[in-house]
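>>> build me a model:
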Amino acid sequence: MARQATQEPGCAAISCQSCGLYQLCLPMGLDSADTALLDRYVKRKRTFKRGQVLYRSGDAFTYVYAIRSGSVKTYISTDDGRLQITGFHVPGELLGLNAIDEKRYSCEAVALETTSVCEISVACFEELARQIPSVHYQMLRMMSKEIRHNQELMLLLGKKNAEERLATYLLSLSRRFAMRNYSPTQFNLSMSRGDIGNYLGIAEETVSRIFSRFQEEGVISSERRHIILKDIKRLNAIAHEPSSAAPLALPLVQALHSR
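Predicted coordinates for the structure are as follows:
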C-alpha cells in the first residue's frame, strides 16, 4: 500500500501556524467554530519512515499532505525507466495539489527521512472549501506560485552553469528554512548528491566537486549531510542573485496571508 505509515510520538515538528494546511484553511482568521471544523477534518501526525511512499503516480487523488517535519522528494518516471526528480519538499509545504485536475497523482512522493505529515482527504477538503469560500481564492494564489516556480526552474536549467545552479539551490533551501523559523545557515541535506544532481541537471560527480570547491573557498562547511553556509554574500554573487532575491523553489504557501 502506498500510504503505509507508523506513528512516532514526540516527533519534532513545525508549529501549526507555519503549516501549509493551517495557512490554507485559516486565510481570513477563522473563529473558534471554524477552527473546530478544521480540527475535525484534518488527520494529524502521520509518520513515514525513510523510503516509504506517500503516493504513487497514477494513484487516485485522495489526500492533500502538509509536511510537519522531515522532507519528501517527488519524481516522475520516463518511458525508458529513468527517474526525473521534480522537487524536494520541507516542513510547512503542501503535496498533492497538482493532482486536482486529473484526480490522480502525476508523480511519486517518497520520504527522504522520518517524516511527519498532516493529511486531509479530498472529500473533506472540498467540504471545507464549501463552508469556507475564501479557500478557493487561496487555491488560485497557490497555483499561481507553482507556475512561477516552474518558470524559475526553467530559467535555472536553461541559463545557469553548474556552479550557479548549486549556489542557487542552497540559497533556496536557506530561505525556505528561514521562513519556517529554522536556521537559514545550518541544516541537513536529506537528499543525496545524486538526487541533487538529478534535480539540477548536472552529474553527481560535478555536484560533489562543486561542494568540495565551495568548502575549500570557505563558502560553506560540510560534514556528511550537515551544511553550514558561511558566506551568504559570496553564494549570492555566485548565483548572480541579489541578497533579497526570491527563492527558486518558493513554497506554495508563502503568500497565503489575509487579503
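
>>> CA atoms for contacts and neighbours, from now on please.
OK.

>>> quick check: buried residues in stretch 109-117?
By neighbour count on 16 or more other C-alpha atoms under 10 Å, the buried set for stretch 109-117 is Ala109, Val110, Ala111, Leu112, Glu113, Thr114, Thr115, Ser116, Val117.

>>> I figured the fourth one hits Thr74, correct?
Pointing back at Leu112 there. No. Applying C-alpha atoms under 8 Å as the test, Leu112 and Thr74 come out as separate, 10.0 Å apart.

>>> dump the buried residues of stretch 109-117 into JSON lines; add distance to Lys230 and secondary structure as well.
Compiled in JSON lines, the buried residues of stretch 109-117 are given as follows (distance: C-alpha to C-alpha, whole Å; DSSP: H, G, I helix; E, B strand; the rest coil):
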{"residue": "Ala109", "distance to Lys230": "32", "secondary structure": "strand"}
{"residue": "Val110", "distance to Lys230": "30", "secondary structure": "strand"}
{"residue": "Ala111", "distance to Lys230": "28", "secondary structure": "strand"}
{"residue": "Leu112", "distance to Lys230": "25", "secondary structure": "coil"}
{"residue": "Glu113", "distance to Lys230": "25", "secondary structure": "coil"}
{"residue": "Thr114", "distance to Lys230": "27", "secondary structure": "coil"}
{"residue": "Thr115", "distance to Lys230": "28", "secondary structure": "strand"}
{"residue": "Ser116", "distance to Lys230": "30", "secondary structure": "strand"}
{"residue": "Val117", "distance to Lys230": "31", "secondary structure": "strand"}
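
>>> and which of those is nearest to Arg234?
Leu112 (28.9 Å; C-alpha to C-alpha).

>>> state the distance from the closest one to Gln151.
Note on Leu112: its distance to Gln151, by C-alpha to C-alpha, to the nearest Å, is 25 Å.

>>> which residues touch the closest residue to His240 other than its chain neighbours?
Spatial nearest neighbour of His240, excluding adjacent residues (C-alpha to C-alpha, 6 or more residues apart in numbering): Glu164 at 7.5 Å. Contact partners of Glu164, counting by C-alpha atoms under 8 Å, 6 or more residues apart in numbering, are Ile238, Ala239, His240.

>>> also Lys103?
For Lys103, the contact set (C-alpha under 8 Å, 6+ apart) comprises Ala60, Phe61.

>>> ditto for Ala111
Phe48, Lys49, Arg50, Gly51, Gln52, Val53, Leu54, Gly70, Ser71, Val72, Lys73.

>>> quick one: the helices in the stretch 51-200 of the chain?
Applying DSSP state H, counting those that start in this stretch to the stretch 51-200 of the chain gives helices spanning 122-131, 134-159, 162-179, 193-200.

>>> any idea which of the buried residues of stretch 109-117 is closest to Ile210?
Proximity of those to Ile210 (C-alpha to C-alpha) peaks at Leu112, which lies at 22.6 Å.

>>> distance between the ends of stretch 211-226?
Stretch 211-226 end-to-end distance (C-alpha to C-alpha) = 12 Å.

>>> can you pull the buried residues of it?
Applying 16+ other C-alpha under 10 Å to stretch 211-226 flags Phe211, Phe214, Gln215, Val219, Ile220, Ser221, Ser222 as buried.

>>> ditto for stretch 182-199
Across stretch 182-199, burial judged by 16+ other C-alpha under 10 Å covers 184-187, 189-191, 193-199.

>>> residue ranges of the strands in the stretch 1-150 of the chain, please?
Secondary structure of the stretch 1-150 of the chain (DSSP state E, counting those that start in this stretch): strands at 43-48, 53-55, 63-69, 72-77, 83-89, 94-95, 108-111, 115-121.
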